[in-house]
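# Fold the stuff below for me.
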Amino acid sequence: MHCEVPLNSNVEHICLRCRFELPMTNFSQQEGNDLEQSFHGRVSIDFATSLLRYQRKGITQHLIHQLKYKDKEELGTFFGKLLASELTENERCPRFDFVIPVPLHLKKMKTRGYNQVNKFGQEIAKTLAIPFNDVILKRKLDTQTQTSKLRIDRFKDLQEKFFIQNGALFENKHVLLVDDVVTTGATLEACVIKLQKINGIKVSIATIAFTE
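Below is the predicted model of the structure:
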């Protein structure tokens, strides 16, 4: 799917050579890793990890592009298996109660037909034997442009783009919030702030890739 080499019948999604070249972060094993540090002083999270490093024109960018824009939704399952394996083998990983995806913009959902994060989160939830819930955290439809606003105003608006449904179900629970790529982290931060309005909730983060 990356180098276009035909796959053997016993190989899924990418060839063994490309699989070997994946830039794994190993964040799951690293306390205070770069992703966790990026949220320091912004929001309180218990644990954070990313599977891959994201570099422009690299293999990660190509695979994420295939996942998001080329109907290769099954790549989400592939990434989910890889990260779930890290989590189950890692004593640092907390015990989660739910896996929750960052909701996709409604216009993008209509165009793409799927949330590229769902298969990733569903596979993690399946391996950890916990529920996957894509209902609690929702995103409102944008009604105005953000280009003329100051950064702080755009971030305030971003927080208001998300809302919670049936939050009582998640009181005193630990949720794993999943997304595809972390860039500035603003969207994840807004989601965490919204989720932490629920009484007693703990939030951790897992993503497919981390932008250096």
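# in the protein, what secondary structure element scores lowest on mean pLDDT?
helix 151-160 (a mean of 68; mean pLDDT, DSSP states H and E).
# Just the buried positions in the helix or strand that that one is followed by, please.
Moving toward the C-terminus from helix 151-160, the first helix or strand encountered (DSSP states H and E) is strand 162-164. Using 16 or more other C-beta atoms under 10 Å as the test for burial, strand 162-164 gives residue 162. The way it works is simple: take the backbone N, C-alpha and C, and place the C-beta from them, glycine included.
# Could you give the average pLDDT over strand 162-164?
Averaged across strand 162-164, pLDDT comes to 93.
# what's it packed up against?
Secondary-structure packing of strand 162-164 (3 or more C-beta pairs under 8 Å, 6 or more residues apart in numbering; DSSP states H and E): strand 137-139, helix 186-195.
# Which residue is the nearest non-sequential neighbour of residue 194?
residue 162 (4.6 Å; C-beta to C-beta, 6 or more residues apart in numbering).
# Could you do residue 58 as well?
The shortest distance from residue 58 to any residue other than its chain neighbours is 6.9 Å, reached at residue 23 (C-beta to C-beta, 6+ apart).
# wait, the one you found sits on residue 61?
No: applying C-beta atoms under 8 Å as the test, residue 23 and residue 61 come out as separate, 10.6 Å apart.
# Count the residues that sit near residue 66.
Using other C-beta atoms under 10 Å, residue 66 has 19 neighbouring residues.
# Distance of it relative to residue 208?
Distance of residue 66 to residue 208, given as C-beta to C-beta, to the nearest Å: 12 Å.
# re the thing from before, local confidence estimate at the residue nearest to residue 58?
pLDDT recorded at residue 23 is 96.
# Equivalent analysis for residue 107, please.
The predicted local confidence for residue 107 is 83.
# what about it, which helix or strand?
Secondary structure assignment for residue 107, by DSSP H and E: helix 106-112.
# Quick one: distance of that helix to the chain centre.
Centre-to-centre, helix 106-112 and its host chain are 18 Å apart (C-alpha atoms, centre = their mean, to the nearest Å).
# Would you mind writing the CA trace of that helix as PDB?
Extracted as PDB, the C-alpha positions of helix 106-112 are listed here (Å, rounded to 0.1, in the frame of the first residue of the first chain):
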ATOM      1  CA  LEU A 106     -19.800  16.600   9.800                       C
ATOM      2  CA  LYS A 107     -19.000  17.900   6.300                       C
ATOM      3  CA  LYS A 108     -16.000  15.700   6.100                       C
ATOM      4  CA  MET A 109     -18.000  12.700   7.300                       C
ATOM      5  CA  LYS A 110     -20.500  13.300   4.500                       C
ATOM      6  CA  THR A 111     -17.700  13.500   1.900                       C
ATOM      7  CA  ARG A 112     -15.600  10.700   3.200                       C
END
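# Check which element follows that helix along the chain.
helix 118-128.
# May I see the buried residues of that next one?
118-125, 127-128.
# can you check stretch 31-40 too?
Neighbour counts using 16+ other C-beta under 10 Å place 33, 35-36, 38-39 of stretch 31-40 among the buried residues.
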